[in-house]
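# What shape does this take:
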Amino acid sequence: MQVFTSVLVLSIFFLAFIISDIRDYKERKVNSMKSLAHVIGLNSISTLEFRDNEAAKDILYALKDVTPEIVHAEITDKDGKPFASYTRPGTPNVNTPGVLTGENVQLTGEQLFVTDNIINTNNELLGKISLDFELSELELIKKTKYRLAAILLLVALGFSFVIAVVVQAYISRRLLYLVNNMNEASKTGNYNIRISDAGKDEIGTLMKGFNKLMQQVTESQQRKDEFIGIASHELKTPLTSIKGYLDLLNLVEEKQPNKQFVQKSLESVQKLESLVKDLLDVSKIQSGQLQLNITAFDINELIDETIASMQMISPSHRISRENDPGPQMVFADRQRIEQVLINILSNAVKYSPGENKVVVSTSNNGTELVVKVRDYGIGIPQEELTDIFKRFYRTKNSSVHISGFGLGLYICRDIMQRHNGKIWVEREEKGSSFYFVLPINKQ
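Okay, here's the model as predicted:
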């Protein structure tokens, strides 16, 4: 914007300067030719009075040496009849314009026409003198001025660009600082960021607005987390009682369709119980109270057990195991790692409608164990690969017809981070592959 503004302003000034210079040149030539015409008229008074054509021609032909730019000159008598004339050698026939019949000065393209009355000492009109002046120098002046303006404009453009680059960091420093903090808050979800700035200009006002917005977001997050924690705890007790009564009814009830109703109710309660557990985990994560019970166990044994249990509740898909490397001991929270496996496997089944295959594989490089869960479902858009691990986030192409609250992967990511591991997802030609990594051979 600085360079553009500089170029625009300089262009306007250069154009105004050139136009003004050309106009001044024309005015000088007009005044000069009017003076010359007046002088010739004074010298021609006696030739007209004595009808001396030759003397009048001599006066006009003297213009060839005095002013070579004159193309044509003519003296007419008081009746408008030609008395003497001069045409520059090599000049084609000259068409006398209407200026000779009335106007004193006329500019036509590159030609300047000037007329002046020839009056004797008794104020008697003896005739007129007409001059046709070629403004060939004007085109040269225009070309020179435009060329000079173009060169100066390019030089100014270069200097403006260099200056803009030098001062950009100073001018934009505060604004870029604000943008960087906004990007960090958006990327990390840390809304406790505050910016200290004593400026009282527009950027300072913007920073104060940013701080106020971050404070409001933080308070809103705290209220939401408090609500989630209270609601999940309050739901847990009555939900446990409902499940207990439904389990008892399921044992004693044999008559159909009553038993089927009880079983359907149990399934719904189990889903609700799973949601309450997720909400409790989220509440613990936000408050920093999610604790890990680290023990040594065989991760491959846990994977096989989890696959077997998931296979029982997901008969529509075949969950297979590839490249089983045998026993592999890790130090981790067995229950939480099982929770991660169950969540990823249930998602692989849920987001693979119309397919019947899910593949689990493991590998290690001596220091890390990598678990991969490959599905052949609807896949995840490239721009959402990192967003799906955010709290309450659900993919746009599946949130309508597939149930869920967007909490599972958020909890999985926190569990893996607490194990000094990591979790991510990659797009496949069909479907997706989820990976999580655990350190091995050390606590």
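
# so what strands line up beside the helix or strand containing Ile423?
Taking DSSP states H and E as the criterion, Ile423 maps to strand 422-427. Its sheet considered, strand 422-427 pairs with strand 432-439 (antiparallel) by DSSP bridges.

# got the residue ranges for the helices in the stretch 301-443 of the chain?
With DSSP state H, counting those that start in this stretch as the definition, the stretch 301-443 of the chain shows helices at residue ranges 334-350, 408-418.

# Make a markdown table out of these and add mean pLDDT and distance to Asn365.
Where you see a C-beta, it was placed from the backbone N, CA and C, and this is true even at glycine. Shown next, in a markdown table, are the helices of the stretch 301-443 of the chain (pLDDT from 0 to 100; distance: least, C-beta to C-beta, whole Å):
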| stretch | mean pLDDT | distance to Asn365 |
| --- | --- | --- |
| helix 334-350 | 91 | 19 |
| helix 408-418 | 89 | 17 |
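
# Let's have those in TSV, adding mean neighbour count and distance to Thr5.
What follows is these, written out as TSV (neighbours: other C-beta atoms under 10 Å; distance: least, C-beta to C-beta, whole Å):
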stretch	mean neighbour count	distance to Thr5
helix 334-350	20	54
helix 408-418	20	48
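
# residue ranges of the strands in this protein, please?
70-77, 82-87, 105-108, 111-119, 125-134, 294-298, 318-322, 329-333, 357-364, 368-375, 422-427, 432-439 (DSSP state E).

# Give me the distance between the residue nearest the centre of the chain and Asn420.
The residue lying closest to the centre of the chain (C-alpha atoms, centre = their mean) is Val179, at 13.4 Å. Look at Val179 and Asn420: by C-beta to C-beta, to the nearest Å, they are 32 Å apart.

# Same question for Asp304.
Applying C-beta to C-beta to Asp304 and Asn420 gives a distance of 24 Å.

# what's the answer for Lys357, then?
When Lys357 is compared with Asn420 (using C-beta to C-beta), they lie 32 Å apart.

# ok, back up a step: can I get the helices of the stretch 301-443 of the chain in JSON lines with distance to Gly41?
As requested, these are arranged in JSON lines below (distance: least, C-beta to C-beta, whole Å):
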{"stretch": "helix 334-350", "distance to Gly41": "105"}
{"stretch": "helix 408-418", "distance to Gly41": "101"}
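
# Counting neighbours, go ahead and name the busier of Asp304 and Asn420.
Taking other C-beta atoms under 10 Å, Asp304 and Asn420 do not tie; Asp304 has more neighbours (14 against 11).

# Average pLDDT for stretch 369-378, rounded please.
Per-residue pLDDT values across stretch 369-378 average out to 91.

# and that stretch, which residues are buried?
Buried residues in stretch 369-378, counting neighbours by 16 or more other C-beta atoms under 10 Å, are found at Leu369, Val371, Lys372, Val373, Arg374, Asp375, Tyr376, Gly377, Ile378.

# now stretch 382-399
Those would be Glu384, Ile388, Phe389, Arg391, Tyr393, Arg394, Thr395, Ser398, for stretch 382-399 by 16+ other C-beta under 10 Å.

# any weak-confidence spans in the stretch 301-443 of the chain?
397-401, 403-404, 441-443 (pLDDT under 70).

# Return the backbone torsion pair for Asp324.
phi -70, psi 110 (degrees, to the nearest 10).

# residues near the closest residue to it other than its chain neighbours, how many?
Excluding the flanking residues, the one nearest Asp324 by C-beta to C-beta, 6 or more residues apart in numbering is Asn300, at 6.1 Å. Neighbours of Asn300 under the rule other C-beta under 10 Å: 19.

# before we move on, what about the one 10 residues further on?
Applying other C-beta under 10 Å, we find 20 residues neighbouring Met310.

# With the one 10 residues further on instead?
Using other C-beta under 10 Å, Ser320 has 13 other residues around it.

# who does it bridge with?
Val359.

# quick one: stretch 238-245 to chain centroid distance?
Relative to its chain's centre, stretch 238-245 lies at 55 Å (C-alpha atoms, centre = their mean, to the nearest Å).

# which outside residues touch it?
For stretch 238-245, the external contacting residues (C-beta atoms under 8 Å, 6 or more residues apart in numbering) are Leu266, Val269, Gln270, Leu272, Glu273, Val276.
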